[in-house]
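**Q** Sequence unavailable; structure follows:
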Ligand SMILES: NC(=O)c1ccc[n+]([C@@H]2O[C@H](COP(=O)([O-])OP(=O)(O)OC[C@H]3O[C@@H](n4cnc5c(N)ncnc54)[C@H](O)[C@@H]3O)[C@@H](O)[C@H]2O)c1
């Protein structure tokens, strides 16, 4: 099937494109940025700004994909530095993609929501349907994206589906999320043997290893529509404290020095998020199940980070 991906140059996009191609799909990537060097040159690539409604509609009319993965967004930490741009990209951009799907009869849109839709004061393990009171522009625009997509499904019959991702971890430079401290423990741990995390040691948020996240995006999209009782699903893997992640990193990088110096702005965002997610609906409706826990992720990730840094020493620096 032909699949179109927005924001495909980011942390999730490249891995998703490679996994979709392995399943035999004809995948077109798009982004503000050029095709990342880690993607093969035969991946069709389009320069697209999702805030440009005419350009979004024009490209979807030309390509007529059967499925769109809408990834383009400004993430939580960066979003607090540039809230106006974040509104334009996340809110107007999502509206533009929904409208283009409606105008050109694109049947299915997959949305990547986040634990940042939740605000403070929720139970220890948060189910799908709770009051959504986010404190960041990123969270506000993602709540709006969820609701807009549900409206387009009800009103125009668009097959709109999405997951609320925990913080995702992979051997690539993340795009300015507030969960990035977890990855930096691994990357700086390998690179320089030390990392000072921008959170308290007792900070606990839900996390997930990228291969599980990619599989979730493909399995949810492929699930029979009749099995789905809702559009947006919580998905969970593991919820370690920052000090538990540091201890896990130390099992694979002996002697690594991980310290904690909490940054007030990013700590406030972390403290507003759930400590764990209840993902029973995803398990029941489309068989969601993670394969990696923290120890398995550490065992898989550290050799990948080592290999990447041996090839490209600067690949994971610059945060
Ligand atoms: N990485 C995570 O931990 C995580 C967690 C929850 C949800 N998500 C969601 O998954 C999606 C992808 O996240 P990611 O980690 O790959 O983010 P990322 O920041 O690495 O990538 C986002 C991409 O969007 C692009 N972009 C920004 N403005 C754009 C515009 N105006 N038009 C087109 N493209 C634009 C950027 O160039 C970037 O390549 C996002 O919607 C994000 O909210 C990610």
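**A** Structure received. None of these values were measured; they are calculated from a predicted model.
**Q** And residue 107, how far from residue 62?
**A** Per C-beta to C-beta, to the nearest Å, residue 107 is found 17 Å from residue 62. Glycine gets a C-beta too; all of them are placed from N, C-alpha and C.
**Q** neighbour count winner among the two?
**A** The neighbour comparison of residue 107 against residue 62 (other C-beta atoms under 10 Å) goes to residue 107, with 12 against 9.
**Q** quick one: contacts of the helix or strand residue 161 falls within?
**A** Assigned by DSSP states H and E, residue 161 belongs to strand 159-165. If you take C-beta atoms under 8 Å, 6 or more residues apart in numbering as the criterion, strand 159-165 is touched by 98, 107-115, 117, 128, 146, 149-150, 152-153, 208, 213, 216-217, 220-221, 223, 225, 228, 231-235, 277, 282.
**Q** so where's this protein shaky on pLDDT?
**A** For the chain, residues meeting the criterion pLDDT under 70 lie at 318-319.
**Q** ok, which stretches of it are helices?
**A** In the chain, the helices defined using DSSP state H lie at 11-22, 53-63, 76-81, 83-86, 93-103, 137-156, 180-192, 210-222, 242-252, 264-272, 280-286, 294-311.
**Q** Can you tell me which of these is nearest to the ligand?
**A** The ligand lies closest, by C-beta to the nearest ligand atom, to one member of those: helix 11-22, at 3.6 Å.
**Q** What angle do helix 210-222 and that closest one make with each other?
**A** Helix 11-22 and helix 210-222 are oriented at 60 degrees to each other (axes from the mean of the first three to the mean of the last three C-alpha atoms, to 10 degrees).
**Q** Output the contacting helices and strands for helix 11-22.
**A** If contacts are counted by 3 or more C-beta pairs under 8 Å, 6 or more residues apart in numbering; DSSP states H and E, helix 11-22 sits against strand 2-6, strand 26-31, helix 210-222.
**Q** quick revisit: could the helices of the chain be laid out in JSON lines, adding distance to the ligand?
**A** Compiled in JSON lines, these are given as follows (distance: least, C-beta to the nearest ligand atom, whole Å):
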{"stretch": "helix 11-22", "distance to the ligand": "4"}
{"stretch": "helix 53-63", "distance to the ligand": "9"}
{"stretch": "helix 76-81", "distance to the ligand": "8"}
{"stretch": "helix 83-86", "distance to the ligand": "8"}
{"stretch": "helix 93-103", "distance to the ligand": "6"}
{"stretch": "helix 137-156", "distance to the ligand": "7"}
{"stretch": "helix 180-192", "distance to the ligand": "8"}
{"stretch": "helix 210-222", "distance to the ligand": "8"}
{"stretch": "helix 242-252", "distance to the ligand": "14"}
{"stretch": "helix 264-272", "distance to the ligand": "13"}
{"stretch": "helix 280-286", "distance to the ligand": "15"}
{"stretch": "helix 294-311", "distance to the ligand": "14"}
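**Q** TSV please, covering those and showing distance to residue 198.
**A** Shown next, in TSV, are these (distance: least, C-beta to C-beta, whole Å):
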stretch	distance to residue 198
helix 11-22	18
helix 53-63	35
helix 76-81	9
helix 83-86	20
helix 93-103	28
helix 137-156	17
helix 180-192	6
helix 210-222	21
helix 242-252	10
helix 264-272	5
helix 280-286	30
helix 294-311	19
